[in-house]
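Trainee: Turn this into a model:
(one chain, ligands or ions: 1)
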Amino acid sequence: MTEIEARLDALLAAPAASLPSFAADGRLYFLCDAGGSAQVWELPAGGGAPRPRSAHRDAVSFVAGSPADGGAVFGRDSAGDERVQLYRLEPEGEPRPLTADPRTIHAWGAFSPDGRRVACAANSRDPAHADPVVIDIATGAATRLREVQGPHELPGWMPDGRSVVLSTAPRTFESELIAVAPDGAATPLTPHQGDWRHMNPRWRKDGEGFWLLTDRGGEFLCVAFMLPGGTPRRLFAPDADVEKLEVSPDQSRLAVVVNEAAWSRLHILDAATGAVLESPEHPPGVITKLSWHPDGGSLAFDLVCPTRPATLWRHRRGEAAAELLFAASAAPEAVVDWQTVSFPTFDSRDLPGFLALPAGEAPARGWPVLVWVHGGPAMQALPNWRPDLQLMLSLGIAVLVPNVRGSTGYGRDYAALDDREKRMDSVRDLAAAHAWLGAQPRFDKQRIGIMGQSYGGWMVLAAVTEQPELWAAGVDYYGIARWKTFFERTGPWRVGHRAAEYGDPVADAELLERLSPLHKAGDIRCPMLVAQGLTDPRVPPHESAQIVQALKNRNVPVESVIFPDEGHGFLKRDNRRTVMLAVAGFLRQHLMG
Ligand SMILES: CSCC[C@H](NC=O)C(=O)N[C@@H](C)C(=O)O
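Mentor: Numbering: from 1, shown residues only. Purely as a prediction, here's the structure:
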């Protein structure tokens, strides 16, 4: 075993514990990847050792504790195909399938208030349309409430336990909530003019109204309360996105998470006024899930940061600081924290990002650098645990993780700066990042590589074709090479939403062809590595196949790493190890030679 393999194995051996969800009897379900992929585990209600409750090679994507007993429901797909199937866990015993249609996506929704049924949005009728479906847990009987058009999510039930709430998001910054009754009748809950988001509804038990996250009338998502069909009344509106909202069981308090330049901050609010009651201290990091204990006396949440995989934390009501509830492993050793930075770009903006430096002094010629580009584009690179980047840092490669224009988390206006004809401005931001790095003697501007996933893979291909003189190496994880073929093959349920983001494949065909790096593959000068999962329903494998072939036809050095059992992301530990070692070897050869 090489030193690099040993280092990576040590990094990958640190499992994560995330996505906590209490069940009615006080046990805490969560996901843990100690066995090589995320599976369901539980912490007993009275404390004690955690235990695994599922065992699949494929990763579980969520787990929800029952509001009525010690059971749960969880979901997993097959080999990354995102056709999520639902499973029931009784308080004791093995999982039992609630759905078993491998062609259908059962997008998780919620338990009914009495815990006897679950609701999801399922595209069983037509791949392009996700209908609200209610499933009886005891019998497995499934009932479609309504036939709808397009993709939907199902964020919850109405308090009456009869109607469900459906969410439709035709565009990134537009979403609305609709009540669907047992007879299929649909009632808009958030009618509005213009593109505004209405998310995360949590009903008051009397059914008179609901709390939600919305950006209606502002730049950022805030906490509001509204009556069905009414106007949101803002309760808590910091100059930042509020990303999580959970109401305490007695409905007197709201747990919320604020995105502060990508770092998470937990607050407990007065549910009636929105006043901040508590701001429990917690380590710097990213919180992705909140769950109130059924007795309302404490709140569980997960927290991940650049130096440690996700761990579980608990805030006890009235305590000044949160306490560590469960860690699946000790904190990894010899890891590097990320520092928040900003850098200037072509239109006099300062762009946010994160920088991580190898240990010790920079070499005389300066460190080589890897610029890592997130996907989306309406997403945000977060300061979370990245064993792949920690491995590069161990090799002596510095890392810059920019949130160029188009990223979320910095307001609606910033996210719109890369829309349609302005798309290449975000690629110009990558050149600005390169210039900022190259102007610093601690970095070697001749040895700056670029890496990205999904839309970030497109950014890599756009950068190495538009700016071939800048980049010493490129790593493309399942990126788009040609928008025309992307739209022809991506999942039919997502074409409308993506067309709203990128442009219509017919009406904007000329723009999309201009933005397709495949046509400029001959301009690429640097060696490339391309990685792809063959069951990816978002970015078709055909995209990677095209760019690899184009590079081979032009004798550009290209490596490819293909996984038959992965989709839009590499979730299985053995596959992650394979691709991370391939990237490490590739970057050592081309950034450190
Ligand atoms: C709205 S899908 C975002 C998921 C993905 N991001 C990271 O993996 C992504 O970038 N998808 C792009 C290619 C898309 O589907 O348009």
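Trainee: how about the residues of the stretch 1-150 of the chain near the ligand?
Mentor: Within the stretch 1-150 of the chain, no position lies close to the ligand (CB under 6 Å from any ligand atom). Every C-beta, even on glycine, is put in place using the N, C-alpha and C of the backbone.
Trainee: what kind of secondary structure is the closest residue to the ligand within the chain in?
Mentor: At 2.7 Å from the ligand, G375 is the closest residue in the chain, using CB to the nearest ligand atom. Classification of G375 by DSSP: H, G, I helix; E, B strand; the rest coil places it in coil.
Trainee: Check K484 too.
Mentor: helix.
Trainee: My guess is it contacts S516. True?
Mentor: Yes - with contact defined as CB atoms under 8 Å, K484 counts as touching S516 (6.9 Å).
Trainee: how near is L591 to W436?
Mentor: As judged by CB to CB, to the nearest Å, L591 and W436 stand 18 Å apart.
Trainee: hmm, I was thinking of P309
Mentor: Distance from P309 to W436, by CB to CB: 30 Å.
Trainee: got the contact list for C120?
Mentor: 86, 99, 106-109, 132-133, 135, 154 (CB atoms under 8 Å, 6 or more residues apart in numbering).
Trainee: among those residues, who's most crowded?
Mentor: G109 (28 neighbours; other CB atoms under 10 Å).
Trainee: That one falls within a strand, correct?
Mentor: Yes - assessed with three-state DSSP, G109 lies in a strand.
Trainee: right, and it touches P155 too?
Mentor: Yes - with contact defined as CB under 8 Å, G109 counts as touching P155 (6.9 Å).
Trainee: At the contact with the ligand, which residues of the stretch 301-450 of the chain appear?
Mentor: Counting by CB under 6 Å from any ligand atom, the residues of the stretch 301-450 of the chain near the ligand are 375-376, 379.
Trainee: give me that answer again for 8 Å
Mentor: Within the stretch 301-450 of the chain, the positions adjacent to the ligand are 374-379 by CB under 8 Å from any ligand atom.
Trainee: Going through those residues, which ones are buried?
Mentor: Listed as buried from these are 374-379; burial here means 16 or more other CB atoms under 10 Å.
Trainee: How is this protein divided into domains?
Mentor: Domain ranges of the chain: 17-103, 339-591, per automatic domain parsing.
Trainee: In terms of helices and strands, where is the residue lying closest to P505 once chain neighbours are set aside?
Mentor: What sits nearest to P505 in space, not counting adjacent residues and going by CB to CB, 6 or more residues apart in numbering, is F487, at 3.9 Å. Using DSSP states H and E, F487 sits in helix 483-489.
Trainee: Stretch 145-152: end-to-end distance?
Mentor: Start-to-end span of stretch 145-152 (CA to CA, to the nearest Å) is 13 Å.
Trainee: Pull out the buried positions in that stretch.
Mentor: 145-146, 148, 150-152.
Trainee: quick one: contacts of that stretch?
Mentor: 107, 121, 123, 125, 128-134, 164, 166-170, 180-182, 184, 186, 493-494, 496-497.
Trainee: among those, which ones are buried?
Mentor: Buried among the contacts of stretch 145-152 (16+ other CB under 10 Å): 107, 121, 123, 129-134, 164, 166-169, 180, 493-494, 496-497.
Trainee: What about these, which are in helices?
Mentor: 496-497 (DSSP state H).
Trainee: Quick one: mark the members of the buried ones among the contacts of stretch 145-152 that sit in strands.
Mentor: Secondary structure from DSSP state E places 107, 121, 123, 129-134, 164, 166-169, 180 of these in strands.
Trainee: Tell me the one of those residues nearest G207?
Mentor: Distance ranking of these against G207, using CB to CB, places V164 first at 13.4 Å.
Trainee: ok, the closest one - contacts?
Mentor: 109-110, 119, 132, 134, 145, 154, 156-158, 179-180.
Trainee: got JSON lines for those residues, with distance to W196 too?
Mentor: Formatted as JSON lines, the contacts of V164 follow (distance: CB to CB, whole Å):
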{"residue": "G109", "distance to W196": "22"}
{"residue": "A110", "distance to W196": "23"}
{"residue": "A119", "distance to W196": "25"}
{"residue": "P132", "distance to W196": "22"}
{"residue": "V134", "distance to W196": "28"}
{"residue": "L145", "distance to W196": "25"}
{"residue": "L154", "distance to W196": "20"}
{"residue": "G156", "distance to W196": "19"}
{"residue": "W157", "distance to W196": "23"}
{"residue": "M158", "distance to W196": "22"}
{"residue": "A179", "distance to W196": "18"}
{"residue": "V180", "distance to W196": "21"}
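Trainee: From those residues, pick the one nearest E246.
Mentor: Out of those, the member with the shortest distance to E246 (by CB to CB) is G156, at 11.6 Å.
Trainee: if I pick that closest one, what's in contact with it?
Mentor: For G156, the contact set (CB under 8 Å, 6+ apart) comprises 109-110, 164-165, 201-203.
Trainee: How confident was the prediction at the spatially most central residue of the chain?
Mentor: Geometric centre of the chain, nearest residue: M379, 7.8 Å, by CA atoms, centre = their mean. Model confidence at M379, expressed as pLDDT, equals 98.
Trainee: So what does the closest residue to it other than its chain neighbours look like in phi/psi?
Mentor: Spatial nearest neighbour of M379, excluding adjacent residues (CB to CB, 6+ apart): T408 at 6.0 Å. Dihedral angles of T408 (phi, psi; degrees, to the nearest 10) stand at phi -90, psi 170.
Trainee: Verify the contact between T408 and A378 for me.
Mentor: Yes - using CB under 8 Å, T408 makes contact with A378 at a distance of 5.2 Å.
Trainee: intersection of neighbour lists for these two?
Mentor: In contact with both T408 and A378: A415, using CB under 8 Å, 6+ apart.
Trainee: Using the three-state scheme, assign the residue of the chain most remote from its centre.
Mentor: If you look at how far each residue of the chain sits from its centre, by CA atoms, centre = their mean, the farthest one is A364, at 38.4 Å. Three-state assignment for A364 (three-state DSSP): coil.
Trainee: Could you save the contacts of G156 as CSV and add columns showing pLDDT?
Mentor: Listed next are the contacts of G156 as CSV, based on pLDDT from 0 to 100:
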residue, pLDDT
G109, 97
A110, 98
V164, 98
V165, 98
P201, 98
R202, 98
W203, 98
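Trainee: Report the contact partners of the residue nearest to D250 when sequence neighbours are not counted.
Mentor: Excluding the flanking residues, the one nearest D250 by CB to CB, 6+ apart is G296, at 5.1 Å. By CB under 8 Å, 6+ apart, the contact set of G296 is 248-250, 252-253, 317.
Trainee: Most neighbours among those residues, which one is it?
Mentor: Top of the contacts of G296 by neighbour number is R253, holding 21 neighbours under the definition other CB under 10 Å.
Trainee: Return the set of residues that bridge with that one.
Mentor: Beta-bridge pairing of R253, defined through DSSP bridges, involves D270.
Trainee: Same question for the one 10 residues further on.
Mentor: Applying DSSP bridges to W263 yields these beta-bridge partners: E260.
Trainee: Identify the residues contacting it.
Mentor: Neighbours of W263 in contact, by CB under 8 Å, 6+ apart: 284-286, 340, 383.
Trainee: now the residues of the stretch 301-450 of the chain next to the ligand as CSV including distance to P402?
Mentor: Formatted as CSV, those follow (distance: CB to CB, whole Å):
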residue, distance to P402
H374, 8
G375, 13
G376, 13
P377, 12
A378, 15
M379, 13
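Trainee: and of the residues you listed, the nearest to S66?
Mentor: Taking those together and measuring to S66 by CB to CB, the closest member is M379, at 31.4 Å.
Trainee: three-state assignment of the closest one?
Mentor: coil.
Trainee: What does the pLDDT read for the residue nearest to C222 when sequence neighbours are not counted?
Mentor: Nearest residue to C222, sequence neighbours excluded (CB to CB, 6+ apart): A237, at 3.6 Å. Turning to A237, the model gives it a pLDDT of 98.
Trainee: my read: A237 touches V223, true?
Mentor: Yes - if you go by CB under 8 Å, A237 and V223 touch, sitting 7.4 Å apart.
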